[in-house]
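Asker: Take a look and give me a structure for this.
(one chain, ligands or ions: 2)
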Amino acid sequence: MAPTQGPRAPLEFGGPLGAAALLLLLPATMFHLLLAARSGPARLLGPPASLPGLEVLWSPRALLLWLAWLGLQAALYLLPARKVAEGQELKDKSRLRYPINGFQALVLTALLVGLGMSAGLPLGALPEMLLPLAFVATLTAFIFSLFLYMKAQVAPVSALAPGGNSGNPIYDFFLGRELNPRICFFDFKYFCELRPGLIGWVLINLALLMKEAELRGSPSLAMWLVNGFQLLYVGDALWHEEAVLTTMDITHDGFGFMLAFGDMAWVPFTYSLQAQFLLHHPQPLGLPMASVICLINATGYYIFRGANSQKNTFRKNPSDPRVAATGRKLLVSGWWGMVRHPNYLGDLIMALAWSLPCGVSHLLPYFYLLYFTALLVHREARDERQCLQKYGLAWQEYCRRVPYRIMPYIY
Ligand SMILES: NC(=O)C1=CN([C@@H]2O[C@H](COP(=O)(O)OP(=O)(O)OC[C@H]3O[C@@H](n4cnc5c(N)ncnc54)[C@H](OP(=O)(O)O)[C@@H]3O)[C@@H](O)[C@H]2O)C=CC1
Ligand SMILES: CC(C)CCC[C@@H](C)[C@H]1CC=C2C3=C(CC[C@@]21C)[C@@]1(C)CC[C@H](O)C(C)(C)[C@@H]1CC3
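Answerer: Ligands and ions are numbered 1, 2, ... in the order given. So this is what the prediction gives:
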């Protein structure tokens, strides 16, 4: 029996009480958003028009569809990859290997969906199933997190994450105990982070666009923009799949309910909120305003991609001439000389561009921007603590030279 305690880190998310609250609050918030988007008032704040009964939430058909979706994405994950990348060095000096075939999975999924639609697949019927699908996705996240928690009980201490090993079952269940839970070559965290949720997100967006075409003859310009922007975001994530291996989730966080629910339920069902809102609340959008919104999204993407690529180049090869003129361990030039998290800034600018096509009559479509700002501010603070511990004086010098965290001259 492996010792139950791994490395201890300071409690986060409000400790056991906060984790227990989030176990309930996160799914409740997701269902509130799903209900609000389809209601007339579309109120972000205040109770939903009506609470759905179990007969609305539970659907064996939705369960079968969800399990088939997970099975398809798992099969695509196991296909031969164009490349196998090594992750960051672990505590025992080893490196895990990861298949780089996410973009291939997106393309194959698109081909299969296209073939299905040509054979009569009613993709436009998917929006009516969002509630039961979200319900089975949440159920899956709970059950899968329980499996992960039990699996971590027999994992060696070296396999445990710094965070989710407080000894409190609720906190550890939420944060996740094991850093890289796998069965053979199948890495559960890596798979969930980029496949079923992310690809499911753009599939739900497409289904909402198809439904609008059925209802109104053609998709609105606003729906096209939201679909296009978010497909760019997901396509970029999968094209640069290897970059996820240097993100905090993969290198530092255990895999528990927070990321399992986040990846499999929160991303596909709350990140598609703008498209859900537009289906039920069509918004007029002229070409001049659409052009301005496209420029905003392009600016955000330019910063986001530029900063993430610069950091990944540096991490893979610090002597690369494109980044070599920097400090030994930390990038202090380019985007990373402007603010300490330029990638967050680009991501937030894109988040604004995703909400603007929904107009300014409702706050609901701006939920993602509000949530995401809070998430990144919290994430930045977590990262600061980790980097200060990791780099010590070098990080303090970096903070002196680059005083702003995300927004130049503001924060
Ligand atoms: N859409 C969404 O819901 C979300 C999107 N994201 C996006 O994911 C991307 C990755 O985010 P995240 O994983 O949080 O953070 P980062 O990709 O910024 O990774 C943080 C790590 O990068 C390294 N680092 C930080 N500063 C420097 C520097 N100056 N020079 C060299 N290395 C540095 C450190 O790790 P080390 O030293 O070990 O290399 C640090 O721990 C971001 O673009 C973010 O916007 C994130 C969360 C949610
Ligand atoms: C309060 C929430 C439920 C907490 C869960 C947060 C998760 C949804 C996010 C944590 C980090 C994420 C990343 C992406 C998606 C959202 C989650 C899982 C990401 C895959 C999006 C695409 C980007 O290009 C990326 C850099 C690959 C992102 C990595 C982090």
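
Asker: Quick check, Trp239 in contact with Phe103.
Answerer: Yes - using Cβ atoms under 8 Å, Trp239 is in contact with Phe103, at 4.9 Å. From N, CA and C alone the C-beta is placed, and that goes for glycine too.

Asker: neighbour count winner among these two?
Answerer: Neighbours per residue (other Cβ atoms under 10 Å) separate Trp239 from Phe103, with Phe103 holding more: 18 against 14.

Asker: can I assume the more buried one sits in a helix?
Answerer: Yes - with DSSP: H, G, I helix; E, B strand; the rest coil as the criterion, Phe103 is part of a helix.

Asker: Give me the distance between it and Leu111.
Answerer: Distance, Phe103 to Leu111, by Cβ to Cβ, to the nearest Å: 13 Å.

Asker: neighbours around the closest residue to ligand 2 within the chain, how many?
Answerer: In the chain, the residue that lies nearest ligand 2 is Gly262 (2.7 Å; Cβ to the nearest ligand atom). By the criterion of other Cβ under 10 Å, Gly262 has 18 neighbours.

Asker: for Val377, same thing?
Answerer: By other Cβ under 10 Å, the residues close to Val377 number 15.

Asker: list the contacts for it?
Answerer: Listed by Cβ atoms under 8 Å, 6 or more residues apart in numbering, the contact partners of Val377 are Ile406, Tyr411.

Asker: In terms of helices and strands, where is it?
Answerer: helix 367-391 (DSSP states H and E).

Asker: so where is the protein shaky, pLDDT-wise?
Answerer: Within the chain, the stretches with pLDDT under 70 are 1-9, 318, 322-328.

Asker: Please point out which parts of the lengthiest helix in it sit buried.
Answerer: Using DSSP state H, we find that the single longest helix of the chain is helix 287-316. Along helix 287-316, these residues count as buried under the neighbour rule (16 or more other Cβ atoms under 10 Å): 290, 293, 296-297, 300-301, 303-305, 307-308, 310-314.

Asker: and of those, the nearest to Ala37?
Answerer: Closest approach to Ala37 among these (Cβ to Cβ): Ile293, at 20.0 Å.

Asker: residues in contact with the nearest residue to the closest one once chain neighbours are set aside?
Answerer: Computed as Cβ to Cβ, 6 or more residues apart in numbering, the closest residue to Ile293 that is not its neighbour in sequence is Leu356, at 4.8 Å. Contact partners of Leu356, counting by Cβ under 8 Å, 6+ apart, are Met289, Ile293, Ile296.

Asker: and Ala20, what element?
Answerer: Assigned by DSSP H and E, Ala20 falls in helix 15-38.

Asker: List the buried residues for that helix?
Answerer: Buried residues in helix 15-38, counted by 16+ other Cβ under 10 Å: 16, 18-20, 22-23, 26-27, 30-38.

Asker: Which members of those residues additionally contact ligand 2?
Answerer: Leu26 (Cβ under 6 Å from any ligand atom).

Asker: now, which of the contacts of Leu356 sits nearest Ala119?
Answerer: Nearest to Ala119 among these, counting by Cβ to Cβ, is Ile293 at 35.5 Å.

Asker: contacting residues for that closest one?
Answerer: Applying Cβ under 8 Å, 6+ apart, we find Ile293 in contact with Leu225, Ala353, Leu356, Pro357.

Asker: can you do 10 Å?
Answerer: By Cβ atoms under 10 Å, 6 or more residues apart in numbering, the residues touching Ile293 are Leu221, Ala222, Leu225, Val226, Phe229, Leu285, Leu352, Ala353, Trp354, Ser355, Leu356, Pro357.

Asker: I'd like the next helix or strand past the host helix or strand of the fifth one.
Answerer: What it means is Phe229. Secondary structure from DSSP H and E places Phe229 in helix 221-239. Using DSSP H and E, the helix or strand that directly follows helix 221-239 along the chain is helix 248-251.

Asker: Does anything pack onto that following helix? Which helices or strands?
Answerer: helix 188-194, helix 257-261, helix 367-391 (3 or more Cβ pairs under 10 Å, 6 or more residues apart in numbering; DSSP states H and E).

Asker: possible to save these as TSV with distance to Asp320?
Answerer: Formatted as TSV, the helices and strands packed on helix 248-251 follow (distance: least, Cβ to Cβ, whole Å):
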stretch	distance to Asp320
helix 188-194	25
helix 257-261	31
helix 367-391	20
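
Asker: Could you work out the end-to-end span of stretch 88-101 for me?
Answerer: Start and end residues of stretch 88-101 are separated by 18 Å (Cα to Cα, to the nearest Å).

Asker: is ligand 2 contacted by it?
Answerer: No - judged by Cβ under 6 Å from any ligand atom, stretch 88-101 stays clear of ligand 2, getting no closer than 12.9 Å.

Asker: looking at it, Leu64 is touching Met129, isn't it?
Answerer: No - contact criterion Cβ atoms under 10 Å: Leu64 and Met129 do not qualify, at 11.1 Å.

Asker: Touching both of the two, which residues are there?
Answerer: Val136.

Asker: Those two - which one has more neighbours?
Answerer: Met129 (17 against 11).

Asker: Let me know whether that one touches Ala62 as I believe.
Answerer: Yes - contact criterion Cβ under 10 Å: Met129 and Ala62 qualify, at 5.4 Å.

Asker: what do the two both touch?
Answerer: Common contacts of Met129 and Ala62 (Cβ under 10 Å, 6+ apart): Val136.

Asker: For this structure, which residues are neighbours of ligand 1?
Answerer: Counting by Cβ under 6 Å from any ligand atom, the residues of the chain that sit close to ligand 1 are 246-248, 251, 304, 308, 311, 314-315, 330-331, 336, 341, 343-344, 347, 375, 379, 383, 386-387, 390.
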